[in-house]
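> how would this look folded up:
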Amino acid sequence: MKLYLKFDISTICKKIIEKQMDELEMNYSIIGYGEVEISGKISNTKLKQLEKNLNNYGIEIVENQKSILVQKIKDAIIEMVYMDEKLNNSKISDYLANKLQYSFGHISNIFSEVTFTSVENYIILQKIERAKQMIIINELNFTEIAFKLNYSSAAHFSTQFKNATGLTPTAFQRIINKKEKQF
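The predicted structure follows:
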């Protein structure tokens, strides 16, 4: 039997972080996506244990300022792409600048310097990953997916999907459907 799951990645991360912090008996507040404030002092031993525990889930504690900003940029992009409603129609550069309180030029330069890719490429990859999930869930057609992810047309969506994956959305859907029928 095969199960298809729909999940909210931010809720999963939040629950993992809460569990790990509670197990180490830390006083904390989750401020926002990817930010936790710890009340009082924390021993190096507890901090190292927390870091080890979170690493088991692919979550890492970020310490350098540029890396922190890059993580905030990634979190803002993921939050934007995975919103339940249609992606905001305003310019993504304006959205990131307003959310992070830096000019988009600064955001773009730091992101490229640390990740060796552009903000735009990262956004495309996140939108394609979201599109794959939507195709697997099979609740929306390609035009609706394109609209929800703020593409100018289904053709533009299809072109970016193929450039990123090597497959058209239709070919990807056929592969998923074929795999489903095997089980």
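
> Lowest-scoring secondary structure element of this protein by mean pLDDT?
Of the helices and strands making up the chain, the lowest-confidence element is strand 28-32, at a mean of 83, by mean pLDDT, DSSP states H and E.

> outside of that strand, which residues touch it?
Here strand 28-32 makes contact (Cβ atoms under 8 Å, 6 or more residues apart in numbering) with 14, 17-18, 21, 36-39. (Glycine included, C-beta is placed from N, CA and C.)

> now do 6 Å
21, 36-38 (Cβ atoms under 6 Å, 6 or more residues apart in numbering).

> for these, which one is nearest V81?
Nearest to V81 among the contacts of strand 28-32 is V36, at 22.6 Å by Cβ to Cβ.

> ok so that closest one is a strand residue?
Yes: with DSSP: H, G, I helix; E, B strand; the rest coil as the criterion, V36 is part of a strand.

> which helix of this protein spans the most residues?
For the chain, the longest helix by residue count, based on DSSP state H, is helix 119-137.

> Tell me how far the residue sitting nearest the centre point of the chain lies from K179.
Per Cα atoms, centre = their mean, the C-alpha nearest to the average position across the chain is that of I78, at 3.2 Å. From I78 over to K179 the distance is 26 Å, taken as Cβ to Cβ, to the nearest Å.

> M134 too?
Noted for M134: a distance of 17 Å to K179, by Cβ to Cβ.

> who has more neighbours, these two?
Ranked by neighbour count (other Cβ atoms under 10 Å), M134 and K179 place M134 first, with 19 against 11.

> I145 is in contact with the more buried one, correct?
Yes: at 5.0 Å, M134 and I145 qualify as touching, with contact defined as Cβ atoms under 6 Å.

> ok, L50 - contacts?
Contacts of L50 by Cβ under 6 Å, 6+ apart are L24.

> mind running it again at 7 Å?
20, 24 (Cβ atoms under 7 Å, 6 or more residues apart in numbering).
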